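> with the input below, show me the fold.
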Amino acid sequence: MLDRLNVTQRLAQFVAQTRLDDIPADVMHQAKRSVMNFFAVALAGCRTAPVEIALATLAQFSGGKQATLVGRGERIDALSAAFLNAAGANVYDFCDTHTRTVIHPTVPVVPPLLALAELRRVSGPDLLFAIVLGNEIEDRIGLAVSPQHYSLGWHVTSTCGVFGAAAAVGKLIGLDAQRLVWALGTAATQSSGLCECLGTASKSASVGNAARNGLLSALLAEKGFDGPPEPLNGVQGFYNAMGVPPDLSFLTDGWGKSWQIMETAYKPYPCGFVINPVLDCVLDWRRDHRDAEVVKVVVRGNPLLADRTDRPNVTNGRLSQVSVQHAVAAALMRGKAGPDEFSDECVADPKVAALRAKVEVVRDSSFSTIAAAVDIATADGQVYRLSTQAARGSDVNPMSDGDLEAKLRHAAAGWNGSHDIQPLIDAIWGLDQSADVAGLCALTVPRQ
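Numbers count the residues shown, from 1 in each chain. Below you'll find the predicted structure:
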């Protein structure tokens, strides 16, 4: 157990002392995969209603046009760009997931780095390095209080993501250990996000704030804006205020021997991560039973599945993204599970609504969050028993590089089918050779 009075200092020292050469090639490649997935989900969400409302609101107070908004021609100040690009990437719940904490690690970290890269020269290797360290910090801070922190209702992507953003930006701008402690302290006092907001635009606001506030925290620390010496484990610090006794060994034990970004899962479906294994079962079965009449479905999974997604009576597309009943019904009726299946129109479909009422959810602690079992009963008296131990896209059953490229292509075509996204794909795979990534975000914007 670490001394309670030097937890944050030791973590900051690890960040400050870690060198680019310490990061293995496969970990750097995983960072590229995370960037690919980020742009896919950001393009999917960049013109949704929550982003339109947030942009119209923030633009009234922004005098700067410093940074690019993913997929859009408008430019805005860097802090607002970090907020909007993170919020937009999170709207569809299509972002990557750290499997043990269910943090969506890249969404709070990449947008502030991209915004900063339009203000200061940033190389591709340094960008990837910062992404790896940002992931490491937010995931380790989350691991120390998982799963209780999330179960209490804290939206872990937001509460821990702000630390990842601050650490990533801090590393990129060369903060020493003392200033990294200050940055983490300012991040800690801005850490917030509630699971009560899942299924609404407010959920993405806290993710946007994590990105924006992490960037702000690091920039303030750079100029000498100080903070408490022990923001994580002080008497009234982050862990004690959040109400879960932490296992502090997760913060620094094994640093540099393995990297948390390698536990990243990339979602094939735009809905809650714990729904993914259920959809694998349902979609595989439906391909061979298109004409079967389903009379009952029983879903068994990790208790988190029920805690977060047992919502049979959803009323709109946002809420449907965190409803396992809707996901099952839509997949059975339509044979797919893309953004259209989590829309207001699909929620209002009377056939989908009728089938939602036939889906039962059972808690079973023997299942991991990436596993599920589904029993489908049909009108002819048959009961089909399906299961998976590892959802598609999970860290043990990962999407391929080609799958991630396809996800990005599909998202880009959804907004502008004539826009050539290949230059962005090539630029992402070539980040380790790039001297300046300032133009990376602009490759998402269709030419007028």
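
> how near is the nearest residue to Ile173 once chain neighbours are set aside to Ser80?
Leaving aside its sequence neighbours, Ile173 sits nearest to Glu222 (CB to CB, 6 or more residues apart in numbering; 5.7 Å). Yep, even glycine has a C-beta here, placed from its N, CA and C like the rest. From Glu222 across to Ser80, the span is 19 Å (CB to CB, to the nearest Å).

> so which of these two has more stuff around it?
Ser80 (24 against 16; other CB atoms under 10 Å).

> would you check that the more buried one makes contact with Leu58?
Yes: assessed by CB atoms under 8 Å, Ser80 is found in contact with Leu58 at 4.6 Å.

> pLDDT wise, what is the residue nearest the centre of the chain at?
Taking CA atoms, centre = their mean, the centroid of the chain lies closest to His104, which sits 2.5 Å from it. pLDDT recorded at His104 is 97.

> likewise Arg4?
58.

> the nearest residue to Ala390 once chain neighbours are set aside: neighbouring residues, count only.
Counting by CB to CB, 6+ apart, Ala390 lies nearest to Asn397, which is 4.0 Å off, once chain neighbours are set aside. Neighbour count for Asn397, taken as other CB under 10 Å: 15.

> distance of His149 relative to Thr101?
His149 is 8 Å from Thr101, by CB to CB.

> buried residues, whichever strand or helix holds Asp26. List them.
Secondary-structure assignment from DSSP states H and E places Asp26 in helix 25-45. Judged by neighbour count (16 or more other CB atoms under 10 Å), helix 25-45 contains these buried residues: 27-28, 30-45.

> for that helix, packing partners?
Under the contact definition 3 or more CB pairs under 8 Å, 6 or more residues apart in numbering; DSSP states H and E, helix 25-45 sits against helix 78-90, helix 106-117, helix 124-143, strand 264-265, helix 401-415, helix 422-429.

> quick check: bridge partners of Trp154?
Leu194 (DSSP bridges).

> what about it, how many neighbours?
23.

> just the pLDDT for it.
pLDDT, Trp154: 96.

> my guess is it contacts Glu196. True?
No: with contacts counted by CB under 8 Å, Trp154 stays clear of Glu196, the gap being 10.1 Å.

> now for the closest residue to Ala327 other than its chain neighbours: which residues touch it?
Using CB to CB, 6+ apart and skipping the chain neighbours, the partner closest in space to Ala327 is Ile275 (4.9 Å). Residues in contact with Ile275 (CB atoms under 8 Å, 6 or more residues apart in numbering) are 269, 305, 309, 322, 324, 327.

> swap the cut-off to 6 Å and go again
By CB atoms under 6 Å, 6 or more residues apart in numbering, Ile275 lies in contact with 309, 324, 327.

> buried ones in stretch 424-444?
Neighbour-count burial for stretch 424-444, counted by 16+ other CB under 10 Å, picks out 424-425, 427-429, 431, 434, 437-438, 440-441, 443-444.

> quick revisit: ok, which of the helices and strands packed on helix 25-45 comes nearest Asp226?
helix 124-143 (19.4 Å; CB to CB).

> and the contacts of the following helix or strand past that closest one?
Using DSSP H and E, the next helix or strand after helix 124-143 towards the C-terminus is helix 148-151. Helix 148-151 is contacted from outside by 156, 244, using CB under 6 Å, 6+ apart.

> avg pLDDT for helix 148-151?
Summarised as a single mean, pLDDT over helix 148-151 is 94.

> what of stretch 329-340?
95.

> distance between the ends of that stretch?
Taking CA to CA, to the nearest Å, the first and last residues of stretch 329-340 lie 13 Å apart.

> in that stretch, what's buried?
Under 16+ other CB under 10 Å, the buried positions of stretch 329-340 are 329-334, 337-339.

> residue ranges of each domain in the protein, please.
Per automatic domain parsing, the structural domains of the chain span 7-265, 273-388.

> helix 124-143 and the one helix or strand Gln9 maps to, what's the angle between them?
Per DSSP H and E, Gln9 falls inside helix 7-17. Using axes from the mean of the first three to the mean of the last three CA atoms, to 10 degrees, the inter-axis angle of helix 7-17 relative to helix 124-143 is 160 degrees.

> would you mark the buried spots in helix 7-17?
In helix 7-17, counting by 16+ other CB under 10 Å, buried: 7-16.

> redo those residues as TSV? Include pLDDT and distance to Asp126.
Putting these into TSV (pLDDT from 0 to 100; distance: CB to CB, whole Å) gives the following:
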residue	pLDDT	distance to Asp126
Val7	93	27
Thr8	96	24
Gln9	96	24
Arg10	95	24
Leu11	96	20
Ala12	97	19
Gln13	97	20
Phe14	97	18
Val15	97	14
Ala16	98	15
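
> which single one of the residues you listed is nearest to Leu172?
Closest to Leu172, out of all of the buried residues of helix 7-17 and judged by CB to CB, is Val15, at 11.0 Å.

> ok, that closest one - contacts?
133, 167, 171, 180.

> pLDDT below threshold where in this structure?
The model of the chain has pLDDT under 70 over residues 1-5, 448.

> phi and psi next, for the residue of it most remote from its centre.
What lies farthest from the middle of the chain is Asp380; by CA atoms, centre = their mean that is 41.5 Å. According to degrees, to the nearest 10, the main-chain angles of Asp380 amount to phi -90, psi 10.

> from Cys441, how far out is Arg120?
Separation of Arg120 from Cys441 (CB to CB): 14 Å.

> got a list of what the nearest residue to Ile261 once chain neighbours are set aside touches?
The shortest distance from Ile261 to any non-neighbouring residue, by CB to CB, 6+ apart, is to Asn135 (4.3 Å). If you count contacts by CB under 6 Å, 6+ apart, Asn135 has them with 105, 260-261.
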